[in-house]
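Engineer: build the 3D model from these lines:
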Amino acid sequence: MGGSPPTLLNWRSLRWKIALLVAVACCSIAFIVGLLVHGSTYERSMNDGAARAYTALDNALASSPDSPDSTESGNDIVADVVYSPEEMPAELVRKAREHGQADLYDESRTYSPRMWAAERQADGGVAAVVIDMTPDQLSRRALDRNMWKYSLAALAVIVPLSAVAAELPNRRLRRVARTARRIASGDLAARTEVGGRAGDEITEISATVDAMADSLQDRLSSEQRFTADVAHELRTPLMGLVTSSGLLPGGEATELVRDRVRVLRTLVEDLLEISRLDADAERADVRPVPLGEVVAESLARTGLVARLTVSGKPVAETDPRRLDRIVANLVTNAHRHGRAQEQAAVEVMVGDGVVVVRDHGPGFPESLLANGPRRFRTGAAERGRGHGLGLTIALGQARVIGATLTFANAADDGGAVATLRLPTHHAGTHHAGTDHARTDRARTG
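Structural biologist: Numbering: from 1, shown residues only. Next up, the predicted model:
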């Protein structure tokens, strides 16, 4: 859509943001739980090791205090007793002398991990035993490895599942975005049709977009009905004015009245034509026509000066009457707003399935390039006066014949360029507004 990357590869999409959030949350939980379990296991291992060391010390002192040999008595642990302070850690000796008993976990690189237990003797000396803590250390390391391994395995399953689970709301949001783009392009019949329970945020957005489209459609229909009603109501008194102006005696005032009546008649006829286009009541009579000759005849009927250039002998499948209407309106608009000079400021170029009308004036205003022509809006004061109906009619007739009418400004001097591209194949009879003909608002320069 609009050149955006595919959703699966768009790392800024909601799908991957949700997956990233889930991954961060899972990693945080795994890290915190791992720290808590590691700390709890380490503390329990120290307590168990200290208890075993004190038991070994008590058994050793009870069995033979003066014997350097260690023995085993039933299930009791009996270890070698160390009496020399030089063979004990200094911290252990200090604590034992201060508190009577002390234990110390020694994990220096010189030895395998060991747990010391010491007790102050009656003569002021210190007796201590040491037990090996290697099995406990290996068990803790194995537990840590397993925790991280299974955490990563869980992440490998949870993150893809979260990305898949995020696809449903993501798909609904994309559907709402597509509908909004269709409404912005002029298809007011587009609706989101996004399912969901009441109270769901996406459902609320969908309902809001649909309500906006309904409101716009109602306002546009009201505007179209008003335009049609005004044009029809004015037509009857206008015919009376035309007849009455023809009966007036000749003179300057009479010519002025007749000129204004002609302008009014043209305006009413334009409004009627727009109302028919809005009501999808127009039909195209498509047949092969010599494109260059039809455009030349259209220029002749306008009575305006334009330089015509025809490349080859192009033939187009189109409705010549509607093509004449389009070309006449484009050329008239170019003369009215293009500040025509003596040397053919308006150019008409005809090629294979394309008609280009260009002037050398200030160019189309930015609002027209961005939003297309609007009735009763000329865009900018420097482009002269008018009702803004000529380009609107040309655009509507182009849709009827299945053509594409684009507006741009020339890169060299900024003059307005209108390009009509006709269908390259026989499209049959087209219904106004149902051809899905697209009006591109191009920008150049």
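Engineer: contacts, neighbours, all on C-alpha from now
Structural biologist: Will do.
Engineer: so which residues of the stretch 301-445 of the chain form strands?
Structural biologist: In the stretch 301-445 of the chain, strands defined by DSSP state E, counting those that start in this stretch lie at 307-310, 315-318, 347-351, 354-358, 404-409, 416-421, listed in chain order.
Engineer: name the nearest residue to I202, ignoring sequence neighbours.
Structural biologist: L173 (6.8 Å; Cα to Cα, 6 or more residues apart in numbering).
Engineer: please apply the same query to I205.
Structural biologist: V176 (7.8 Å).
Engineer: for A163, same thing?
Structural biologist: Nearest residue to A163, sequence neighbours excluded (Cα to Cα, 6+ apart): A19, at 5.1 Å.
Engineer: doesn't the one you found fall inside a helix?
Structural biologist: Yes - applying DSSP: H, G, I helix; E, B strand; the rest coil, one finds A19 inside a helix.
Engineer: next, count neighbours for it.
Structural biologist: 20 (other Cα atoms under 10 Å).
Engineer: separation between it and T404?
Structural biologist: In this view, A19 and T404 are 43 Å apart by Cα to Cα, to the nearest Å.
Engineer: quick check: mean pLDDT of the strand or helix carrying P135?
Structural biologist: Per DSSP states H and E: P135 is located in helix 134-165. Taken as a whole, helix 134-165 has a mean pLDDT of 87.
Engineer: can you check stretch 307-326 too?
Structural biologist: Here the average pLDDT along stretch 307-326 is 89.
Engineer: what packs against the helix or strand of the chain at the bottom of the mean pLDDT ranking?
Structural biologist: Within the chain, judged by mean pLDDT, DSSP states H and E, the helix or strand with the poorest mean is helix 252-278; its value is a mean of 77. If you count contacts as 3 or more Cα pairs under 8 Å, 6 or more residues apart in numbering; DSSP states H and E, helix 252-278 packs onto helix 201-247, helix 390-400.
Engineer: buried set for the helix or strand harbouring the residue nearest to I205?
Structural biologist: Per DSSP H and E, V176 falls inside helix 167-184. Of all the residues in helix 167-184, those buried under the rule 16 or more other Cα atoms under 10 Å are E167, P169, N170, R172, L173, R175, V176, A177, R178, T179, A180, I183.
Engineer: try stretch 116-134
Structural biologist: Under 16+ other Cα under 10 Å, the buried positions of stretch 116-134 are 116-120, 126-133.
Engineer: next one: stretch 395-405
Structural biologist: Counting neighbours by 16+ other Cα under 10 Å, stretch 395-405 gives L395, G396, Q397, A398, R399, V400, I401, G402, A403, T404, L405 as buried.
Engineer: and that stretch, what's its mean pLDDT?
Structural biologist: Stretch 395-405 comes out at a mean pLDDT of 87.
Engineer: what about that stretch, how long is it end to end?
Structural biologist: For stretch 395-405, the first and last residues are 6 Å from each other (Cα to Cα).
Engineer: any idea what V348 is bridged to?
Structural biologist: Judged by DSSP bridges, the bridge partners of V348 are L308, V357.
Engineer: neighbours around it, how many?
Structural biologist: V348 sits with 23 neighbouring residues when counted by other Cα under 10 Å.
Engineer: for G292, see how far away it is.
Structural biologist: Computed as Cα to Cα, the V348 to G292 distance reads 10 Å.
Engineer: next: G415.
Structural biologist: In terms of Cα to Cα, G415 sits 23 Å off from G292.
Engineer: same deal with D123?
Structural biologist: Shown here: D123 relative to G292, a distance of 126 Å by Cα to Cα.
Engineer: and for V315?
Structural biologist: Counting by Cα to Cα, the gap from V315 to G292 is 8 Å.
Engineer: about what we covered before: tell me the most buried of the helices and strands packed on helix 252-278?
Structural biologist: Among the helices and strands packed on helix 252-278, helix 390-400 has the highest mean neighbour count (mean count of other Cα atoms under 10 Å), at a mean of 25.
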